[in-house]
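Peer 1: Pasting the sequence and the predicted model now:
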Amino acid sequence: MLEFNERLARRVFRASRRSPEFSRAAARMPRVNGSIGLESSLDLTRWRLQVIGAAGARARRLFTLDDIKTLPRVEMTAELRCIEGWSEVVHWAGARLADLALVTGSATRSGRPADPISNAHDLLGYAALETPDREYYVGLDMASALHPQTLLCHEMDGRPLTPAHGAPLRLVIPVKYGIKNLKRIGTIRFTDDRPADYWAERGYDWYSGL
Ligand SMILES: Nc1nc2c(c(=O)[nH]1)N[C@H]1C(S)=C(S)[C@@H](COP(=O)(O)O)O[C@H]1N2
Ligand SMILES: [Mo]
């Protein structure tokens with residue numbers, strides 16, 4: 001049933017269909033929810049975001065937080081919706097995952113910058129994200145990963161992310177439930193194989209679209 005729903009949802013998914021956004025004044029701080037993959041200590045001076053593309057193409061690149069900050073800055077006030085039944089409007093700042101894919105060329109088979117409109121067949125199928133210790137991991141379909149509201153965030157409510165909310169860098173993806181909004185990203189891997197997903201392995205919906 002979940003897979004049937006996913007096929008339907010993916011057919012009607014459009015990059016132009018946006019999750020609702022709100023005024024900055026409507027934003028609150030959400031509760032801390034989930035600490036899987038955050039329990040081990042993290043040396044922020046040694047942290048790097050590892051981005052891995054298809055084998056053969058430019059395979060592996062490392063980014064510092066300052067590198068991420070050179071990408072166009074995006075601010076967004078959107079809802080974080082947890083599958084447990086609560087939601088909160090949150091103000092975020094960061095960079096689009098699509099812009100990182102553009103710079104690195106790691107989301108395509110050819111190694112060229114991702115171009116979902118005129119070169120869609122060159123895109124790999126999925127993005128796999130995991131914490132540095134690999135304890136928490138999520139899989140995303142490529143259309144959702146490259147959606148314009150899918151952000152790599154380093155600020156929340158106008159301040160740097162706190163460790164409990166995913167410092168130094170977390171995923172914010174309002175077209176998905178909270179479970180996909182992975183905190184403390186270590187690695188982003190683009191692949192044609194459907195990635196493992198922590199909560200899908202425990203019976204939740206792999207797609208988890210909103
Ligand atoms: N690394 C990691 N990321 C995670 C989780 C987690 O347990 N570990 N929980 C997820 C869930 S279920 C939700 S609802 C959101 C909550 O984000 P918040 O703690 O910033 O409110 O983080 C998501 N990202
Ligand atoms: Mo959640």
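Peer 2: Right, received. Where do you want to start? Ligands and ions are numbered 1, 2, ... in the order given.

Peer 1: May I see the buried residues of stretch 66-77?
Peer 2: Ile68, Leu71, Val74, Met76, Thr77 (16 or more other C-beta atoms under 10 Å). Placement of C-beta: from N, CA and C, glycine included.

Peer 1: quick one, phi/psi of the most centrally placed residue in the chain?
Peer 2: In the chain, the centroid-proximal residue (C-alpha atoms, centre = their mean) is Leu171; its distance is 3.8 Å. Dihedral angles of Leu171 (phi, psi; degrees, to the nearest 10) stand at phi -90, psi 140.

Peer 1: Now do stretch 149-166: distance from first to last residue.
Peer 2: Taking C-alpha to C-alpha, to the nearest Å, the first and last residues of stretch 149-166 lie 18 Å apart.

Peer 1: quick check, it touching ligand 2?
Peer 2: No. Applying C-beta under 5 Å from the ion, one finds stretch 149-166 separated from ligand 2 by no less than 12.9 Å.

Peer 1: Looking at that stretch now, give me its mean pLDDT.
Peer 2: Averaging pLDDT along stretch 149-166 gives 98.

Peer 1: neighbouring contacts of it?
Peer 2: For stretch 149-166, the external contacting residues (C-beta atoms under 8 Å, 6 or more residues apart in numbering) are 18-19, 27, 29-30, 32, 35, 38, 42, 49, 65, 68-69, 74, 76, 78, 90-98, 100, 144, 167-175, 182-185.

Peer 1: burial measure for the residue nearest to Gly105 when sequence neighbours are not counted, as a count.
Peer 2: Leaving aside its sequence neighbours, Gly105 sits nearest to Gly111 (C-beta to C-beta, 6 or more residues apart in numbering; 4.7 Å). Using other C-beta atoms under 10 Å, Gly111 is surrounded by 16 other residues.

Peer 1: Please tell me how far Gly111 sits from ligand 2.
Peer 2: According to C-beta to the ion, to the nearest Å, Gly111 and ligand 2 sit 35 Å apart.
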